[in-house]
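Engineer: Quick one, structure for this:
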Amino acid sequence: MAQRLALRRLLSLTPGAVPPQGPLAPLSRTLGTSAGCRSTFNVQDGSDFQDRVVNNPKPVVVDFHAQWCGPCKILGPRLEKMVAKQEGKVMMAKVDIDDHTDLAIEYEVSAVPTVLAMKNGDVVDKFVGIKDEDQLEAFLKKLIGA
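Structural biologist: As a prediction, the model looks like this:
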């Protein structure tokens, strides 16, 4: 069994070799872009935040989160899904507070997850903690003005 696995790995590295099949074949994943991916972005630094959030003509939802935060791991994907449903009417910026403590301090983030709604560079709404999909939809509709 181990020899067969080693042989399959070796063959997969050989140019022109037939890709391995069956349960021992390495998994491959196809990456694609969707509207959800384009409406959500990770903030890289302070100037990126300024350019893509504060100066954005569209409303922006800012998700302040941390890798170690359990509720953030639940809220993040839920919020991304709800933003994607808005079909480009709103953007979502993700800010890791451990990487960008300066932004967390500037926007008075004292707990995570903290979500800000920003329009024309101003914070117009905010919530802390986890929300269900109905509450998130109401939050986004208020921001968009729908």
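
Engineer: Quick check: bridge partners of V128?
Structural biologist: T114 (DSSP bridges).

Engineer: check contacts around it.
Structural biologist: The contact partners of V128, taken as CB atoms under 8 Å, 6 or more residues apart in numbering, are 110-111, 113-115. C-betas here are computed from N, CA, C, even on glycine.

Engineer: Could you list the residues in contact with the helix or strand hosting A104?
Structural biologist: Using DSSP states H and E, A104 falls within helix 101-106. Helix 101-106 is contacted from outside by 43, 46, 49, 64, 95, 97, using CB under 8 Å, 6+ apart.

Engineer: which residues of the chain score low on pLDDT?
Structural biologist: Along the chain, segments meeting pLDDT under 70 span 1-37, 146.

Engineer: At which residues are the strands of this structure located?
Structural biologist: Taking DSSP state E, the strands of the chain run over residues 40-42, 60-65, 91-96, 114-119, 122-128.
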